[in-house]
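Visitor: Dropping a prediction and its sequence here:
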Amino acid sequence: MKINRLFHSFGHAITGFRFALRKEQNFKIEVLAGILVIGAMFLVGVKTWEAIVLVIMIAGVLILEVLNTSLEQLVNMLKPRVHPKARVLKDLMATSVFLAAIASAIVGVLIFWPYIFK
């Protein structure tokens, strides 16, 4: 693989990240929450396996949010001939992000609880 192509692909990824950060309020909130959780991990000194779980949960929520945004952008491009089930697709993707965020919050509480309430 040529190094130029590698840098070019990273450029696309960074452009997409910046788009999501600028245009999607939920993505901003989730990135901020992820940064706060990572800071708290260092502050309380979680075990390595706990840090791995937390990072995976943060990444999962962010990845789902980007997929949700991608689907929304695609459906919005198809207007005005949007199929009635397009709304269902958007709602289902939003639900996946919501469920991942809830699961992440529960995992975060379970991991941080013993450190906070010793």
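Guide: Cool, the structure landed. Nothing here was measured: the structure is a model prediction, and the numbers come from that model. Numbering: from 1, shown residues only.
Visitor: Which elements pack onto the helix or strand where residue 102 lies?
Guide: For residue 102, the host element (DSSP states H and E) is helix 85-116. Contact partners of helix 85-116 among helices and strands, from 3 or more CB pairs under 8 Å, 6 or more residues apart in numbering; DSSP states H and E: helix 25-44, helix 48-77. Where C-beta positions appear, they are placed from N, C-alpha and C, glycine not excepted.
Visitor: Just want the angle from the longest one to helix 85-116.
Guide: So the one you mean is helix 48-77. 160 degrees (axes from the mean of the first three to the mean of the last three CA atoms, to 10 degrees).
Visitor: same check, this time on the first one
Guide: Here helix 25-44 runs at 20 degrees with respect to helix 85-116, directions being taken by the same axes, to 10 degrees.
Visitor: Now helix 25-44: buried residues?
Guide: 26-27, 30-31, 33-34, 37, 40-41 (16 or more other CB atoms under 10 Å).
Visitor: Dump the residues you listed to TSV, plus distance to residue 95.
Guide: What follows is the buried residues of helix 25-44, written out as TSV (distance: CB to CB, whole Å):
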residue	distance to residue 95
26	13
27	16
30	15
31	20
33	19
34	20
37	22
40	27
41	28
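Visitor: Quick one, which of the helices and strands packed on helix 85-116 gets closest to residue 112.
Guide: Closest to residue 112 of these, according to CB to CB: helix 25-44, at 6.6 Å.
Visitor: counting contacts, what elements does the closest one pack onto?
Guide: On a contact count with 3+ CB pairs under 8 Å, 6+ apart, helix 25-44 meets helix 3-23, helix 48-77, helix 85-116.
Visitor: Quick one: those as CSV, columns for mean pLDDT and mean neighbour count too.
Guide: Below are these laid out as CSV (pLDDT from 0 to 100; neighbours: other CB atoms under 10 Å):
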stretch, mean pLDDT, mean neighbour count
helix 3-23, 89, 11
helix 48-77, 96, 16
helix 85-116, 95, 14
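Visitor: one step back: and residue 101, which of the helices and strands packed on helix 85-116 is closest to it?
Guide: So among the helices and strands packed on helix 85-116, helix 48-77 is nearest, using CB to CB, at 5.3 Å.
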